[in-house]
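> sequence first, then the predicted structure, then my questions.
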Amino acid sequence: MTTTSEPGTDAGLDHFRTLVALQQPTWPDEAALDAVRDRLAASAPLVVPAAADTLRSRLAAAGRGEAFLLQGGDCAETFAEANADRIRNKIRTILQMAVILTHGASMPVVKMGRMAGQYAKPRSSDAETRDGVTLPAYRGDMINGHAFTPEARVPDPERLVQAYQISSATWNVVRAFTTGGFADLRQVHEWNRGFMRNPAYARYERTASEIDRAIRFMDACGADFDALRTVEFFVSHEALVLDYERALTRRDTRTGDAYDTSAHFLWIGERTRQLDGAHVDFLSRVANPIGVKLGPTTTPDVALELARRLNPDDVEGRLTFVTRMGAGNVRDALPPLVEAVSRAGVPVTWVTDPMHGNTITSASGYKTRRFDDVLDEVRGFFEVHRAAGTVPGGLHVELTGDDVTEVLGGSEEIDDAGLALRYETLVDPRLNHQQSLEMAFQVAEMLRG
Ligand SMILES: O=C[C@H](O)[C@H](O)COP(=O)(O)O
Ligand SMILES: C=C(OP(=O)(O)O)C(=O)O
């Protein structure tokens, strides 16, 4: 065991408490929160430091153009859907996408879920009004309930413990699916062949048959497919609720370094990345690989200062910038950041999140995104990096393995009226299973350049 639990205080790790932390719940009962923090601090870690270190080296490879990151999962996981079927569908989707991308990139794909902890959401407004009734906004299952009742919307610290327990159970299932026969390359390839049977996807035929031939070639050469039954998989979430993240932070007995053991990778959201804010301070003090979301208003100076604070020793793989500019902005807003970071010579792994800058409200009132905009942002991301001579290192997407109707378009042409059929997300719209695979085929083509 390489970690120690850490009840009590630690001047460095607790410094964030003296700073402004945006988007935190207003817990009604401080004593109840303290009791929960103590329980979490005494709990077993979800991930161990050595695995976070492994991920850092994988992300360093992605930053150098020797690997490609695929990070995907729900906008907001829910406790109710943390069941084996839903988890399996998500894992299956990510594995299918990864095979397609591996072929396109001719490089290893680092697989990471927005899973096993993605239970807290930053919101634009603290309140929600329906039919003249105003209640606190839903902030994710880690904080309050989605039901539109005064009782459900009160933040409840017991939910932090539930989030930990359900994350632990989810991670257990994820490990089972990624290390057993489920992840077998031949099996994943069969699923992709099933997807290709739908004539709607005929445009991907060439890539699909190239993958097919590559696998038959490997087989003919006597490749050890049994060795490919296990895949390396990592979990991540937005480090939003600092009481939760702090309580799960432990010192590694090997080095004395602090690790946030709630996930391998944590990111700071666009709404909480203030240079002097609590989130930047807290994550600057943990050794996990970390990310920061950068929206279109980010200036080169801010990006450089974030890099300085979060990665003062210029460790490769430590810092990922997840850009989410919007399709209409990416070609103008991204180049100054990429050029400044490149000129300064600081190591950053660049990843595109083509979801969050492309949110619109449909005529029928649904919060949605256009599949074409999502793809266009990815295309812009590749164009900018290729023009600058820098590395497009990965893709961060909100997706589900289920057949929901939340994003407009795709070959199945979900339209405004179609959104109502299976709109299930509690916050932001996700690509469904088919749209996720289509995206992988298109990004594979972009990777081949
Ligand atoms: O996922 C991102 C944010 O939490 C989300 O876009 C906020 O949504 P809101 O504007 O509906 O609060
Ligand atoms: C809130 C999120 O994104 P952003 O911080 O980029 O808005 C998210 O990824 O869930």
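Alright, I've got the coordinates. Ligands and ions are numbered 1, 2, ... in the order given.
> any part of stretch 126-145 near ligand 1?
No. Using Cβ under 6 Å from any ligand atom, stretch 126-145 stays clear of ligand 1, with a minimum separation of 6.6 Å. C-betas here are computed from N, CA, C, even on glycine.
> start at 9, not 1
Will do, 9 is the new start, and the previous item becomes stretch 134-153.
> what's the spacing between that stretch and its chain's center?
24 Å (Cα atoms, centre = their mean, to the nearest Å).
> and it, what's buried?
Buried residues in stretch 134-153, counting neighbours by 16 or more other Cβ atoms under 10 Å, are found at 143-153.
> do it and ligand 2 come into contact?
No. Stretch 134-153 is not in contact with ligand 2 by Cβ under 6 Å from any ligand atom; minimum separation 9.5 Å.
> quick check: mean pLDDT across that stretch?
Averaged across stretch 134-153, the pLDDT comes to 97.
> kindly report the same for stretch 195-212.
91.
> buried ones in it?
For stretch 195-212, burial by neighbour count (16+ other Cβ under 10 Å) applies to 196-197, 199-200, 203-204, 209, 212.
> related to what we said a few turns ago, which members of the buried residues of stretch 134-153 occur in strands, if any?
Cross-referencing these against strands under DSSP state E gives 143-144.
> can you get me a residue count around residue 88?
By other Cβ atoms under 10 Å, the residues close to residue 88 number 11.
> quick one: secondary structure of it?
coil (DSSP: H, G, I helix; E, B strand; the rest coil).
> list the contacts of it.
By Cβ atoms under 8 Å, 6 or more residues apart in numbering, the contact list for residue 88 is empty.
> how about the nearest residue to residue 295, chain neighbours excluded?
Leaving out its chain neighbours, the residue that sits closest to residue 295 by Cβ to Cβ, 6 or more residues apart in numbering is residue 265, at 4.3 Å.
> the one you found contacts residue 57, doesn't it?
Yes. Proximity of residue 265 to residue 57 meets the contact threshold set by Cβ atoms under 8 Å, at 7.3 Å.
> which neighbours do these two share?
Counting by Cβ under 8 Å, 6+ apart, the common neighbours of residue 265 and residue 57 are residue 295.
> those two - which one has more neighbours?
More crowded of residue 265 and residue 57, by other Cβ under 10 Å: residue 57, with 25 against 16.
> now that one: phi and psi?
Per-residue torsions, residue 57: phi -50, psi -40 (degrees, to the nearest 10).
> ok, it to residue 275 distance?
Separation of residue 57 from residue 275 (Cβ to Cβ, to the nearest Å): 18 Å.
> and what of residue 257?
16 Å.
> make sure residue 57 is actually in contact with residue 262.
Yes. Taking contacts as Cβ under 8 Å, residue 57 lies within contact range of residue 262: 7.3 Å.
> for ligand 2, what's the nearest residue on this structure?
residue 277 (3.1 Å; Cβ to the nearest ligand atom).
> give the contact list for that residue.
31, 130, 246, 248, 287, 301.
> apply 10 Å and report the result again.
30-31, 128-130, 246-248, 287, 299-301, 303, 330, 332, 364 (Cβ atoms under 10 Å, 6 or more residues apart in numbering).
> next one: residue 196
Residue 196 makes contact with 100, 103-108, 190, 223, 236, 239 under the criterion Cβ under 10 Å, 6+ apart.
> show me what the residue nearest to residue 66 when sequence neighbours are not counted is bridged to.
Once flanking residues are discounted, residue 66 sits nearest to residue 118: 4.5 Å by Cβ to Cβ, 6+ apart. Note on residue 118: beta-bridge partners residue 77, judged by DSSP bridges.
> look up phi and psi at residue 179.
phi -60, psi -40.
> report the secondary structure element holding residue 224.
helix 213-228 (DSSP states H and E).
> quick check: buried residues in that helix?
Across helix 213-228, burial judged by 16+ other Cβ under 10 Å covers 215-216, 219, 223.
> reformat the residues you listed as JSON lines; add distance to ligand 1 and pLDDT.
Listed next are these as JSON lines, based on distance: Cβ to the nearest ligand atom, whole Å; pLDDT from 0 to 100:
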{"residue": "215", "distance to ligand 1": "31", "pLDDT": "90"}
{"residue": "216", "distance to ligand 1": "32", "pLDDT": "89"}
{"residue": "219", "distance to ligand 1": "32", "pLDDT": "92"}
{"residue": "223", "distance to ligand 1": "37", "pLDDT": "91"}
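> now the two most distant members of those.
Farthest pair in the buried residues of helix 213-228 (Cβ to Cβ) is 215 and 223. Separation: 12.9 Å.
> which neighbours do those two share?
Here residue 215 and residue 223 have 111, 200 as joint contacts, going by Cβ under 10 Å, 6+ apart.
> re earlier: and the contacts of residue 277, which are buried?
Buried, going by 16+ other Cβ under 10 Å: 31, 128-130, 246-248, 287, 299-301, 303, 330, 332, 364, out of the contacts of residue 277.
> ok, and which of these reach ligand 1?
Answer for these near ligand 1 (Cβ under 6 Å from any ligand atom): 129-130, 364.
> coming back round to it: neighbour count for residue 257 and residue 275, which is higher?
residue 275 (28 against 25).
> on contacts alone, who are the packing partners of the helix or strand where residue 288 lies?
Assessed by DSSP H and E, residue 288 sits inside helix 286-292. Helices and strands touching helix 286-292, by 3 or more Cβ pairs under 10 Å, 6 or more residues apart in numbering; DSSP states H and E, are helix 250-255, strand 266-268, strand 273-276, strand 298-302, helix 308-318.
> 8 Å instead?
Here helix 286-292 touches helix 250-255, strand 273-276, helix 308-318, going by 3 or more Cβ pairs under 8 Å, 6 or more residues apart in numbering; DSSP states H and E.
> list the contacts of it.
Here helix 286-292 makes contact (Cβ under 8 Å, 6+ apart) with 21, 23-25, 27-30, 247-248, 250, 253-254, 268, 274, 276-277, 280-282, 298, 314, 317-318.
> swap in 7 Å and give it another go.
With contact meaning Cβ atoms under 7 Å, 6 or more residues apart in numbering, helix 286-292 is reached by 23-24, 27-29, 247, 250, 253-254, 274, 276, 280-282, 298, 314, 317-318.
> how far does it sit from its chain's centre?
The mean C-alpha position of helix 286-292 is separated from the chain mean by 18 Å, Cα atoms, centre = their mean.
> then stretch 151-168?
24 Å.
> can you check stretch 408-418 too?
Computed by Cα atoms, centre = their mean, the chain-centroid distance of stretch 408-418 equals 17 Å.
> need the contact list for the residue nearest to the spatial centre of the chain.
In the chain, the C-alpha nearest the mean C-alpha coordinate belongs to residue 122, at 3.8 Å (Cα atoms, centre = their mean). By Cβ under 7 Å, 6+ apart, residue 122 lies in contact with 79-82, 244-245.
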